[in-house]
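Chemist: Next comes the sequence, and after it the predicted model I'd like to discuss.
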Amino acid sequence: MAKRSLLNQGRAAHVFLIPWWLGLALVTAVPLLASLYLAFTDYNILSTPEFNGLENFERMFQDEYFWAAVRVTAVYVLVSIPLQLGFALLLALILDRGLRGLAFYRSAFYLPSLLGTSVAVAILWRQIFGDDGLVDRGLSLFGLELGSWLQNPSLSLSTLIVLNVWTFGSPMVIFLAGLRQVPEELYEAAKVDGAGVVRQFTRVTIPLITPIIFFNLILQTIGAFQTFTQAHVISGGTGGPANSTLFYTLYIYQQGFLNFDMGYASALAWVLMGAIALITAVHFVLSKYWVFYGDD
Amino acid sequence: MSGLDRRGFLKLAGAGAVGAFLTACGGDSGSGGASLRYAWWGNNVRQQNYTKALKEFAAKNPGVQIEPEFADYAAFQERMTTQISARDVADIFWIASPQVLTYHKNKLYRRLDDIPTLNLADYSKEDLESYKLGGQLNTMPFGIFVPALRYNETFAKEDEVELPPADADWDAWAAFLIEYAKDNPNKRKGMPYEPDADLPFESWLRQRGEQLWTQDGQPGFTADSVRAWFDWWDKLLKAGAVLSLSEQEGIGPDWALVGKKVLANMGNSNHIIDEARMFPDYRYKLRAMPVAKDAQAGYQFLYFPRMAIYQGIDDDKVEAAGKIVNYNTNDYAMLKTVGMTMGAPVNPKVFKQSLESASGDEKEMLTLVQAGREAERRPRFEAPPGTNTWRTAMSRAAEEIALGRLSTADGAKRLLDEIQAGISRSR
Amino acid sequence: MTTATTSLESARTPAKAAARRRGRRDVLKHLGLGAFVLLMLYPLVWMIASSLKPDHLILTEPGIIPSEITFDNFVEGWNALNRPFTVFFLNSLVVTVGSIIGNLFSCSLTAFALARLEFRMRKLYLAITLVSVMLPMHVLVIPQYIFFSQFDLVNTYFPLLVPKFLATDAFFIYLMVQFIRTIPRDLDRAAWIDGAGPFRTFWYVVLPLMRPALVTTTIFTFIWTWNDFFVPLIYLTSPKMFTVPVALNSMVDSESQSGVGMLFAMSLVSLLPVLIFFAVAQKQLIRGIATTGLK
C-alpha cells in the first residue's frame, strides 16, 4: 500500500479513536492505576492508604481462603466453559439452518440469560437443588438420598456450573450472529463441489467462524474467572458451604466491601488479572494454529 | 430499531444522545431550604413506613427537606462503603452493628450533645453514659433488642407439650428439645441450627462471666466458652433435635422456610415483629434465654441499633438534622408510623406510650425488653475495628462443625484466631 | 405445523421420499428441541406459578400448580415503593437506550480503527482494551465513584452513560473487531481503490457488513444494562432515580425473605420488555448480511 495512504490511515485512526482515548483517560486509566497503587498499600477505605510494599502479596500465600478461592474458580472455569460453549455452538448450528419455529426456540433458549441473576434465581435454585427439591425428589426415586445439593460442599459447585450452562443463550446468540456472517455463496460453492451437511460444517462453517469461537472462548473465560453475581446470590454472599463456592471475585468483594481491606482486595484483583492475562496470552499464541481471519 | 441502516443509525444516535443527556441533567437538583440525606436499610415495608414518616416530618417542619436513601441491608453497606471512600456520606445514617466502632475510629460521627434541637431530657444520666462511644455521645440508639427464645404456641398446643419452666437452664432446654423432636406427631424439630445467632451467644458468654468484647477492643471470651457453646448445639444436632443444614438450606435459615418445621428458635426480640407476620395462623410467644444455674450477676444486656449524624455535615444543617434524629428517637408520632421492626423504643416515655397501643406480638417484645431494662446489667462494649466480619467467621465455624469437618474445639480456636488476626491488622 | 409441510411437499412425487425423510427428521428435531425447551423453561413456569401464590405458600408449597390463586403480588408489587413501577421502567429505559446508542457509536468507531487501519502500536491498543475487562469491577468502583462524585454527578445518569459513549465496554469493541476481521479485506480494498477514504469505507462498506455484530451489541447492551444492579445502586440513591433492579432489590429483605411473591411478580413484569425486545431484535440477526450486505 502506498506510503501516503498509510499516513492518512494513521491520522484517521486517531480520529476514530477519540472516544476511546477520552474513555481511557477519564474513566479507565485512573481507576486502573489507582487500584494498582492500592495493591501495595494498607487501605481500609476510611483512612488514607499507607504503602506497605509486598505485604499484601505475601499474605496471600498464608491465606487458606485465597487458596480455596483459587481452587473453586479454576475448577469452575475448566468444567463450565467447555460445557457452556459446546452447548451454545451445537444449538446455534441446529438453529441456524431452516427449521420451523426458529424464532421461538431462539427466544426460549435465551430466556434463562434474560432472567439474569436476580434474587429470584436464588430461590428458584433452592426449589430445584434444595432439600426435598426437584432433583432430590427425583433421585430419591432411585434410592439416592443426597439432601440439599446446595448445602453439600462436594455438590454445591456443580449447581453453579449447571447455572452457567443453563445460560448458554448468550454465547449462542454470538455464535448465531457469527454464522450469519458466513456468506451464502460459500455454502453453495461447497454444495456444487458435492459436500454434505457434515462436510459443509467442518470445511466451511467452522473455519469461517473460528474468530467468533475464539472471541467466545476468550471473553467467556474472562467472564467465568470473574463470576460473582451467581455465587453471591446462590450462597447469599458467603461462598459456603465450607468455602465450596467461594469464587475469587466473591472473596475480593468480601475483603474490600465487608472487611474494608481494599488494599488486600486490590492485590488479589491484580493477581487475578495476571492469571487471566497469562491465560489469554496463551490462547492468542495457540490461536495462530486454529483461527482463520478473512483479512489474512 | 428495526431498520438499523446508516441513516436510522445516525438519527437514533443523535436523538438518543440528546435525550439521554437532557434526562441526565434533569436529575436531582437540590431545592431551597435545608435538604438532608437520610440513609437506612430494610425491606419494602420498612422503606414505605419510613418514607411516610419522613414525609410527615417534613410536613411538620417546613424548610426541611429529606432525601431518603434506602437499600436492603447488604446493598446499603456496599453503597455506604463507596460513599465513605469519597467522603460523600448521608447526613443522617443508620449504622450496621459490626461497623459501630470502625466508623468511630475513623471519625465519621458528629457529636450530638451540643445540638439544641436534639432533646435528651427524657434519658437518665446512666443511660446516656451507656450510649457513649469513647466518652462522647456521638451516636443515638433508636431501638432495643434483647436475646429471645421464641416458641410457637400453636404448635405447642397441637403437640400437647409442656415447655420447661421459665427459669430452666440450658441443659433442661436441650433435654426438652431432644425429647420433643423424638416424639411429636408432626415430625417437627425443636429449633433451627443457629449457633451463629449473636445475641444468644453473647448471653451465653455473659452468663459464664465473660463478655463479647472488652473495653480495650479485644475479644472478652475464652475458647473454652465458645467450644461449650458449639458443643451444646452439636449435641442437639446429633440428636436430631435441631434442623440439619440441608433441611434448613444452610446456616442462617430463612424463617419463611423453616417456620413450619420447628417449635422454637433463638434470636433477637425484634424478629417477632416481621417473622410472626409470615405465619398469621400461628401465635408466637417470647421468653428470656435459658439461664445457667451458676449464671453471673449482671449477665443481662441490651443491644442498640444506632444512628448518627455525619461529621462532615454542613454547619447550617446541623439543627435540622438534630430535629430529625429527635423525631426519630423521642417522638411517639414517628414510632406509630414506622412500627417496631427495629426493636423497642429507647426513650422511656415513648416506650410507655407504645406499650398502651401495642399489638399482641409487640406486647410480647416490649415485655421482654422491659424485663431486660429493669435487670442489673454489666456494661457492654461494641465490636472493635477489624472485626467487621466476625459473624461470618462464626457462621463458617458453625457450618464446618455441622458438616463434620471441624471439631468444636478447633472451631472455637479458629474463630478466636480469625478475630485476633483481624484486630491486629487494623491496628 | 410439521405435518402440513410434509403433506404439501409430498404432493410432488419426484421429491416425495426425500421430503418425507426430511419431514421425519424435522419431527424428531422438534421433539428433541421441545423437550429441551421444557427443561429450560421449567424455572420460568415455576416463577409464574409462584407469583400467583400468596406469599406464605411460595416457599412452603412445592410443585407448580398453586392451590390458591391471587393477583395481589402484581397489584401490591406495582405500588410497593411509594410510586408506581412505571417510574422505574422509564428510568431503566432511559439508561438502557442511552447505553445502547453510546456503545454502538463508540465501540464501532474504535473497533474499525483497531481492526482495519494501519497505525503504530495498534497491537498495544488492543491489549490495553482487553486488559481493561480483566480487572474485576469491585476494585475499580471506588476510584470511579470518587471521580464522578468530585464532579457532583452522583444521582444523575451521567456516571452510567458517559462511559458508554467513551468506548469503555471493551467486550463489544473486541466483539466487533473479531467480526470485522471475518469480513474479507477485498471488499474494503475495492472501496479504497475507488477512492473512498477511511471514513467512507467505514460508513458505506464495513458498518453495513458488521450488522450482526451491531445487533448483538444492541441485544447484549440492552440486557446487561437492564439487569445491572451494582453500578446503579451505588450512583443512584434517590428512589425517583432508581432503575428496575435497584427497585426490585428494595422489595425483598435478604434477611427474612419476605416479599418474595412481589419480587417474582415484578421480576416477571420487568422481564417482559426484555423479552419483547429480544424477540424483535433477533429477527435482525436472522436477516444477516447474506441477504442485505453482499450484492
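Modeler: Noted; the coordinates are in hand.
Chemist: can we go C-alpha only for contacts and neighbour counts from here?
Modeler: Will do.
Chemist: Could you look up the SS state of B:A166?
Modeler: coil (DSSP: H, G, I helix; E, B strand; the rest coil).
Chemist: Output the below-cut-off pLDDT ranges for the stretch 101-250 of chain B.
Modeler: By pLDDT under 70, the stretch 101-250 of chain B has no low-scoring segment.
Chemist: in it, which spans are strands?
Modeler: B:140-141, B:147-152 (DSSP state E, counting those that start in this stretch).
Chemist: Please apply the same query to the stretch 151-296 of chain A.
Modeler: Under DSSP E, counting those that start in this stretch, the stretch 151-296 of chain A gives no strands.
Chemist: Around chain C, pick out the residues from it.
Modeler: Neighbours of chain C within the stretch 151-296 of chain A, by CA under 8 Å from any CA of the partner chain: A:166, A:173-174, A:176-178, A:180-184, A:208-209, A:211-212, A:215, A:219, A:222, A:226, A:249, A:252-253, A:256, A:262, A:265-266, A:269-270, A:272-273, A:276-277, A:293-296.
Chemist: Selection in PyMOL covering whichever of these are buried, please.
Modeler: The PyMOL command for the buried members of those (criterion: 16 or more other CA atoms under 10 Å in any protein chain shown) is given here:
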select buried, chain A and resi 166+173+174+176+177+178+180+181+182+183+208+209+211+212+215+219+222+226+249+252+253+256+262+265+266+269+270+272+273+276+277+293
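Chemist: would you put the C-alpha positions of stretch B:207-219 in PDB?
Modeler: Extracted C-alpha coordinates of stretch B:207-219, given in PDB (Å, rounded to 0.1, in the frame of the first residue of the first chain):
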ATOM      1  CA  GLN B 207     -23.800 -15.900  82.000                       C
ATOM      2  CA  ARG B 208     -20.300 -17.500  82.200                       C
ATOM      3  CA  GLY B 209     -18.900 -14.300  83.500                       C
ATOM      4  CA  GLU B 210     -17.300 -13.400  80.200                       C
ATOM      5  CA  GLN B 211     -18.300 -10.800  77.500                       C
ATOM      6  CA  LEU B 212     -18.200 -10.500  73.800                       C
ATOM      7  CA  TRP B 213     -15.800  -7.600  73.600                       C
ATOM      8  CA  THR B 214     -13.700  -5.900  76.200                       C
ATOM      9  CA  GLN B 215     -13.400  -2.200  76.700                       C
ATOM     10  CA  ASP B 216     -10.000  -2.100  75.100                       C
ATOM     11  CA  GLY B 217     -11.200  -3.700  71.900                       C
ATOM     12  CA  GLN B 218     -10.300  -7.400  72.400                       C
ATOM     13  CA  PRO B 219     -12.500 -10.500  72.400                       C
END
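Chemist: In the chain, spot the helix with the most residues.
Modeler: You didn't pick a chain, so chain A it is. Scanning chain A for the helix with the most residues, using DSSP state H, yields helix A:64-96.
Chemist: ah, I was thinking of chain C
Modeler: Longest helix in chain C, counting by DSSP H: helix C:16-51.
Chemist: Per-residue pLDDT of the residue nearest the centre of chain A, please?
Modeler: Among the residues of chain A, the one closest to the centroid is A:G223, at 2.4 Å (CA atoms, centre = their mean). Per-residue confidence at A:G223 stands at 90 (pLDDT).
Chemist: same thing with B:L22?
Modeler: 41.
Chemist: Pull the number of nearby residues for A:L91.
Modeler: 21 (other CA atoms under 10 Å in any protein chain shown).
Chemist: Once you drop chain neighbours, what's closest to it?
Modeler: Counting by CA to CA, 6 or more residues apart in numbering or on different chains, A:L91 lies nearest to A:M172, which is 7.1 Å off, once chain neighbours are set aside.
Chemist: Beyond the longest helix of chain A, next helix or strand please.
Modeler: helix A:102-115 (DSSP states H and E).
Chemist: Next, the buried residues of that following helix.
Modeler: A:Y105, A:R106, A:S107, A:A108, A:F109, A:Y110, A:L111, A:P112, A:S113, A:L114, A:L115.
Chemist: Equivalent analysis for stretch C:69-77, please.
Modeler: C:D72, C:N73, C:F74, C:E76, C:G77.
Chemist: got the contact list for it?
Modeler: With CA atoms under 8 Å, 6 or more residues apart in numbering or on different chains as the contact definition, stretch C:69-77 has outside contacts at C:S51, C:L52, C:K53, C:P54, C:G261, C:M262, C:L263, C:A265, C:M266.
Chemist: Could you check which helix or strand contains the fifth one?
Modeler: Of the helices and strands defined by DSSP H and E, C:G261 is found in helix C:260-292.
Chemist: Report the distance from that helix to the chain centre.
Modeler: Put simply, helix C:260-292 sits 8 Å off its chain's centre (CA atoms, centre = their mean, to the nearest Å).
Chemist: Quick one: mean pLDDT for that helix?
Modeler: 74.
Chemist: just checking, what packs against that helix?
Modeler: helix A:102-115, helix A:119-129, helix A:169-181, helix C:16-51, helix C:55-58, helix C:72-78, helix C:211-227, helix C:244-249 (3 or more CA pairs under 8 Å, 6 or more residues apart in numbering or on different chains; DSSP states H and E).
Chemist: Show me what counts as buried in that helix.
Modeler: C:260-268, C:270-271, C:274-275, C:277-282, C:284-286, C:288-290.
Chemist: Please give the number of neighbouring residues around A:R59.
Modeler: A:R59, neighbours per other CA under 10 Å, totals 12.
Chemist: Give me the spatial nearest neighbour of C:S238, chain neighbours excluded.
Modeler: Nearest to C:S238 is B:E69, by CA to CA, 6+ apart, at 5.9 Å.
Chemist: what's near enough to touch the one you found?
Modeler: B:R37, B:Y38, B:A39, B:W40, B:A90, C:T237, C:S238, C:P239.
Chemist: One more pass at 7 Å, please.
Modeler: By CA atoms under 7 Å, 6 or more residues apart in numbering or on different chains, the residues touching B:E69 are B:R37, B:Y38, B:A39, B:W40, C:T237, C:S238.
Chemist: pLDDT value on it, please?
Modeler: 91.
Chemist: For it, grab phi and psi.
Modeler: B:E69 adopts backbone torsions of phi -130, psi 110, taken as degrees, to the nearest 10.
Chemist: so it bridges to which residues?
Modeler: B:A39 (DSSP bridges).
Chemist: Look up how far A:L36 lies from it.
Modeler: From B:E69 across to A:L36, the span is 31 Å (CA to CA, to the nearest Å).
Chemist: Just put the helices and strands packed on helix C:260-292 in CSV and tack on mean pLDDT.
Modeler: Putting those into CSV (pLDDT from 0 to 100) gives the following:
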stretch, mean pLDDT
helix A:102-115, 81
helix A:119-129, 81
helix A:169-181, 85
helix C:16-51, 80
helix C:55-58, 72
helix C:72-78, 85
helix C:211-227, 88
helix C:244-249, 85
